[in-house]
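Undergrad: Model the following, please.
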Amino acid sequence: PSLNDDIFQITNKQENSMEDKHYQAYNESQRNVIAEAVSMIRDTKDDNQAKIYMCQGPPGTGKSQTITGIVRALLQPTFASTNSNDQSPTISSSGTSKKIKILICCPSNGGCNEIVRRLIDIFARKATDSNANQTTPN
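TA: Residues are numbered from 1 along each chain as shown. You can find the predicted model right below:
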């Protein structure tokens, strides 16, 4: 593959791909990366084509936070619909839904561990918030 292949192209960049309260936690560069990645992955031109987004940079530049933001933005619709028992990640487009698989690779175990730790923290809090909203006071 080359960088000119469709799997690396961004066609319709979607701004504000997550809730505002979470969006404010990222700087402008991180917001741009999140918007680009989410736009590319949600692009419905060819739903059967795997999409690849690479995020690289020197240590301490916020890659783990940005990647966590990409995953949060992609999975936000899944956790927004709490009435479904199936919590498999899906992306809805033009009235249809497709299950998604997300592969995150890092050059070190430490990088992967950090991203997983952050995702567990985010989605554990999300599940706790959802459960608190579903309970009714006696």
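Undergrad: ok, now which ones touch the nearest residue to Cys106 once chain neighbours are set aside?
TA: With Cβ to Cβ, 6 or more residues apart in numbering as the criterion, Cys106 has its nearest non-adjacent residue at 4.5 Å, and that residue is Cys112. Placement of C-beta: from N, CA and C, glycine included. The contact partners of Cys112, by Cβ atoms under 8 Å, 6 or more residues apart in numbering, come to 104-106.
Undergrad: and Cys112, which of the three is it?
TA: helix (DSSP: H, G, I helix; E, B strand; the rest coil).
Undergrad: Report how many residues lie close to Val38.
TA: Using other Cβ atoms under 10 Å, Val38 has 26 other residues around it.
Undergrad: what's the helix or strand for it?
TA: helix 28-42 (DSSP states H and E).
Undergrad: Sort out which residues of the helix or strand just after that helix are buried, please.
TA: Downstream of helix 28-42, the next assigned helix or strand under DSSP H and E is helix 63-80. Residues of helix 63-80 classed as buried: 63-75, 78-79 (neighbour count, 16 or more other Cβ atoms under 10 Å).
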